[in-house]
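1. I would like the atomic coordinates for the input below:
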Amino acid sequence: MRAKNDSVDLDALCPELSRLAPLIDCCYSAFECLAIVTATTNGHHMKGSLHYRGLAMDLRVKNLGAVPRQRSLHSCLKRNIDAMYPGLYDTLLEDPGGEHAHIHCEASPTLLAQIDHGVVPA
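-> So this is what the prediction gives:
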């Protein structure tokens, strides 16, 4: 997993999100693509976005080509993250095939509650 450019700070991700890197790399490799992070704490997001806390990231999908491949990668990523960390992450495919197509991955409300109460999830 690598940043698209210097504006994307992978070190700004909380450990709870950083730990997904090997799984993300594995899924992207299965599609013969490099996982490119397009946003962490950088960019413009909705007020209150988890991006600003380092608890969300956006992943490029336009390098995959057609929408069916974008949907397949999203499905692969979601299935594997859910299997390894049930209920702790929300993984969404946003604007498939569009100009701003990306996979958005963020801490779920369950994980947020654990973090906010000082619980370090396994």
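
2. show me where the chain has helices.
-> Under the criterion DSSP state H, the chain carries helices at the ranges 15-18, 21-30, 67-84, 109-116.

3. for this protein, which spans come out with low pLDDT?
-> Along the chain, the model assigns pLDDT under 70 to residues 45, 120-122.

4. and the residue nearest in space to the middle of it, what does it touch?
-> Centroid check for the chain by C-alpha atoms, centre = their mean gives residue 105 as the closest residue, at 3.1 Å. Going by C-beta atoms under 8 Å, 6 or more residues apart in numbering, residue 105 touches 17, 20, 24, 56-59, 77, 81, 89-92. Quick note: C-beta positions are derived from backbone N, CA and C, even for glycine.

5. got it, and residue 3?
-> Per C-beta under 8 Å, 6+ apart, neighbours of residue 3: 9, 10, 36, 37, 40.

6. Okay, and the beta partners of it?
-> Under DSSP bridges, the beta-bridge partners of residue 3 are residue 37.

7. The residue lying closest to residue 72 once chain neighbours are set aside: neighbouring residues, count only.
-> For residue 72, ignoring the flanking residues on the chain, the nearest one in space by C-beta to C-beta, 6 or more residues apart in numbering is residue 31 at 7.4 Å. Neighbourhood size, residue 31 [other C-beta atoms under 10 Å]: 18.
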